[in-house]
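S.K.: with the sequence up front, the predicted model follows.
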Amino acid sequence: MVLQILTLFPEMLSGFADHSMLKRAQERAGVEIRLVGLRSFGVGTHRTTDDYPFGGGPGMILRADVVVPAVEWAMMHHKVPATVLWTSPQGRRLDQDWCRELARLEHIIIVAGHYEGIDERAREIVGGTEVSIGDYVLTGGELPAMVLVDAITRLQPEVLGAENGAAEDSFGEAGGWLEGPQYTRPEAYRSRAVPAVLLSGHHQKIREWREAQGLERTKRRRPDLLGGQIDG
Ligand code: ADE
């Protein structure tokens, strides 16, 4: 899978892309993470990438004649046609089901929006889908791009070991609900003991206990996942 991120600030992402899980993904799981700096597609001697919004208003807008050539250039990097994602608080909200769909794709280009936005014509020309990582507003698309790359990459089968598979996580394949509590050593800490069942070695009982805990936690914290309502 080829994941390309187009950003004005590739240096913000380079450390992240080279780190533990993503490093493993690139070494073992055939994932290529490629950072493309938008600055090199800037226009004029100053390599301008943004300009004032027509009609007035705050902030700066990324120019279509910078972003479109950059996306088209990235598209040519891989023979498989790309799915283009635009980070935006106005986009479709990301969830685990969508991450699973994206994880099956062979080529994804993520355009990290910045400033007040991107000239509308860029997305009209290139196509693709706007993605929001939640109902809050960040200063730029770099963090959302990292969230996307992380959530997609960890679903590649070779990235998490079989025994630590994504299937058992909250929102895992097993069901759309939360995980229960986890414990490690010491067995007792500040008078709090680890639930005895986890020390029993009885795998069937442990599985049942974990399922019950997960369900209980979901009912309490996220009843919406079980078709109920969130109160408060
Ligand atoms: N850019 C700014 N805020 C964002 C959000 N919540 N999701 C995606 N992109 C964004």
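M.R.: Perfect, I can see it now. Numbering: from 1, shown residues only.
S.K.: now the lowest-mean-pLDDT helix or strand in the chain: buried residues?
M.R.: Scoring the helices and strands of the chain by mean pLDDT, DSSP states H and E places helix 20-28 at the bottom, with a mean of 86. Residues of helix 20-28 classed as buried under the neighbour-count rule (16 or more other C-beta atoms under 10 Å) are L22, R24, A25, Q26. Backbone N, C-alpha and C define where each C-beta goes, glycine included.
S.K.: skipping adjacent residues, who's closest to R28 in space?
M.R.: Excluding the flanking residues, the one nearest R28 by C-beta to C-beta, 6 or more residues apart in numbering is E158, at 5.1 Å.
S.K.: isn't the one you found up against Q26?
M.R.: No. Taking contacts as C-beta atoms under 8 Å, E158 lies outside contact range of Q26: 10.9 Å.
S.K.: show me the contacts for the most centrally placed residue in the chain.
M.R.: The residue lying closest to the centre of the chain (C-alpha atoms, centre = their mean) is L148, at 1.9 Å. Contact analysis of L148 by C-beta atoms under 8 Å, 6 or more residues apart in numbering lists L85, T87, L94, L102, I110, V131, I133.
S.K.: give me the pLDDT for it.
M.R.: Confidence at L148, expressed as pLDDT, is 98.
S.K.: the one 10 residues further on now?
M.R.: At E158 the predicted local distance difference test score is 84.
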